[in-house]
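# Curious how this folds, go ahead:
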Amino acid sequence: MQHVTEATRFLQGQKASVLDYILTDADNIIDNIQYEEPLGRCDHCCLTWVITVSKAEFNQGSNKLNYWKGDYDKIRSTLGEIDWITEFAALDNVEDKWTYLKSKVMELIDEHVPRRKPFQPKKKK
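Okay, the predicted model is just below:
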């Protein structure tokens, strides 16, 4: 998402243009864009804005997979039993096929790779 909507470069004798950008992957995290005076002899205006971010909660170890103890032979054999030509023939495009393959692999990982126990520090005696 490009958030700058007004001209940011002004050069005498030329048409004002947008040459400075604020790019994000969401449309609702940038607020209050201000187009301010240029610094020194620069012909670009200064931009200031407010960005809204949030901190994700981190629960250490509770959702992590213990890849060392995964049953990869079972995952491989289950994937080998799938008739991929038939499965993929029912899907329209590469994106759908990738999504289907990824979901199958993730289901098998969830089923055959155990979760770690949450980390608990040892208590001092």
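# Quick check: nearest residue in space to T52, chain neighbours excluded?
Excluding its sequence neighbours, the residue lying closest to T52 (C-beta to C-beta, 6 or more residues apart in numbering) is I29, at 4.9 Å. C-beta: built from backbone N, CA, C; applies to glycine.
# tell me the contacts of the one you found?
51-53 (C-beta atoms under 8 Å, 6 or more residues apart in numbering).
# Top of the residues you listed by number of neighbours, please.
Highest neighbour count within the contacts of I29: I51, with 11 neighbours (other C-beta atoms under 10 Å).
# What confidence value was assigned to that residue?
With respect to pLDDT, I51 scores 87.
# Same check on the one 5 residues further on?
Confidence at A56, expressed as pLDDT, is 72.
# what do you get for F119?
pLDDT at F119 comes out at 69.
# For the most centrally placed residue in the chain, which non-adjacent residue is spatially closest?
For the chain, the residue nearest the mean C-alpha position is D25 (8.6 Å; C-alpha atoms, centre = their mean). Leaving aside its sequence neighbours, D25 sits nearest to M1 (C-beta to C-beta, 6+ apart; 6.9 Å).
# Go ahead and confirm the one you found touches T24.
Yes - M1 is within contact range of T24, at 5.2 Å (criterion: C-beta atoms under 8 Å).
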